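pasting the sequence and the predicted model now:
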Amino acid sequence: RIAYVNGRYQPHRAAAVHIEDRGYQFADGVYEVVPVQRGKLIDEDLHLDRLEFSLGELEIAAPMERRALKLVLREVLRRNGIDRGILYMQVTRGVAPRDHKFPVMARPALVITAKRLKPVPAKYLEEGVGVITLPDLRWKRCDIKTIALLPNVLGKQRAAEEGAYEAWQVDPDGNVTEGTSTNAWIVTKDRKIVTRPLGHEILPGVTRRALLELLQATDFTLEERSFTLDEALAAAEAFLTSSSVYLLPITRIDGRKVGNGKPGEFSKRLRQLYLDHAE
Ligand code: PDD
């Protein structure tokens, strides 16, 4: 595999970053994961918009212009011969002697990798996946896609240990914020599709946004509002979205069945709607 590291294309085993990179020392950086289908980037500009937003919020300079970045992304895909998978890009504030405040001289550091992904296991689609729930321990700017992901890492690990796919994080009011790496959705018994509105509490998922836009052209009823864990437990369906798995039906929350315990009609149709958009 070939990675792009600060201007050079290198085999992974030869690629390295500096020990005083602020990403390593302070998690002072941001990232994006862009899905790739048939060798094409899905919703590339939405991902680059979000990257620019994250960089701007942290006052990290863009490592290169968008047009140049797009060329590099394609080159990384080409060199890795990736047809279906993901592109990962990470920008940190750069390399400087350890000191919390922003360095004066550092230039942002950019790493891009690509990974082939197998289709999601058929079992996930046929049986759905389980989620556990945890208090949301994250900071108050979850709308910035930073590489500081410790609560997310701990949550996903806990989920895995409990045989679940994802951990839904719950705010102090009992509302579900989102998963550790996915946005959260439910379908109520009266057939409304519900997902939390954007704000500082969740990542503005690109898959979430694409699906919302696709839904505008259908007769599904949408409600962008918070929902509680209790409401999710009483829902007809639940599902999650992200760039790496698109949309997965959720059939268990904390070990309790959602609806009849099988992937619901809406989840299946919405997954197909997104796949048609991605192809
Ligand atoms: N995760 N919420 C969080 C906290 C996320 O980290 C992600 C993405 C999402 C979904 O966003 P999108 O639809 O733009 O992928 C929601 C990526 C895939 C990751 O960390 O690997």
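Sure, I can see it.

what secondary structure does Leu51 sit in?
helix (DSSP: H, G, I helix; E, B strand; the rest coil).

tally of neighbours for the nearest residue to it once chain neighbours are set aside?
Distances taken as C-beta to C-beta, 6 or more residues apart in numbering place Glu32 nearest to Leu51, at 4.9 Å, with adjacent residues excluded. (C-beta placed from N, C-alpha, C; glycine too.) Glu32 sits with 22 neighbouring residues when counted by other C-beta atoms under 10 Å.

where does the stretch 51-200 of the chain have low pLDDT?
Judged against pLDDT under 70, the stretch 51-200 of the chain has no low-scoring part.

so where do the strands sit in it?
For the stretch 51-200 of the chain, the strands defined by DSSP state E, counting those that start in this stretch occupy 85-92, 109-116, 129-135, 166-170, 176-179, 183-187, 192-195.

mind checking how far the residue nearest to Leu51 is from His277?
Glu32 is 19 Å from His277, where distance means C-beta to C-beta, to the nearest Å.

again with Leu48
18 Å.

just want to know which of those two has more residues nearby.
Leu48 (19 against 16).

which helix or strand contains the more buried one?
Assigned by DSSP states H and E, Leu48 belongs to helix 44-58.

show me the helices in the chain, by range?
All helices of the chain, identified by DSSP state H, fall at 22-26, 44-58, 66-80, 122-127, 150-161, 206-216, 229-233, 265-278.

tell me how far the last one is from the chain's mean position?
Relative to the mean C-alpha coordinate of its chain, helix 265-278 is positioned 18 Å out (C-alpha atoms, centre = their mean, to the nearest Å).

now it against strand 183-187, angle please.
130 degrees (axes from the mean of the first three to the mean of the last three C-alpha atoms, to 10 degrees).

taking the stretch 51-200 of the chain, what residue is nearest to the ligand?
Ser181 (3.9 Å; C-beta to the nearest ligand atom).

swap in the stretch 1-150 of the chain?
Counting by C-beta to the nearest ligand atom, the stretch 1-150 of the chain gets nearest the ligand through Val33, at 3.9 Å.

do you know how far that residue is from Arg78?
Relative to Arg78, and taking C-beta to C-beta, Val33 is found at 19 Å.

quick one, which of the two is more surrounded?
Per other C-beta under 10 Å, whichever of Val33 and Arg78 has more neighbours is Val33, with 17 against 12.

my guess is that one contacts Thr207. True?
No. The pair Val33 / Thr207 is not scored as a contact, 10.2 Å apart, by C-beta atoms under 8 Å.

who touches both of the two?
Taking C-beta atoms under 8 Å, 6 or more residues apart in numbering as the contact rule, Val33 and Thr207 both touch 242-243.

near the ligand, which residues of this structure? Just list them.
By C-beta under 6 Å from any ligand atom, the residues of the chain that approach the ligand are 33, 178, 181-183, 203, 205-208, 241-244.

can you rerun that using 8 Å?
Contacts of the chain with the ligand, taken as C-beta under 8 Å from any ligand atom, map to 31-33, 35, 46-47, 50, 86, 88, 142, 145, 149, 152, 178-183, 202-210, 241-244.

ChimeraX command for the buried members of those?
Entered in ChimeraX, the line below selects the buried ones among the residues of the chain next to the ligand, by 16 or more other C-beta atoms under 10 Å:
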select :31,32,33,35,46,47,50,86,88,142,145,149,152,178,179,180,181,182,183,202,203,204,205,206,207,208,209,210,241,242,243,244
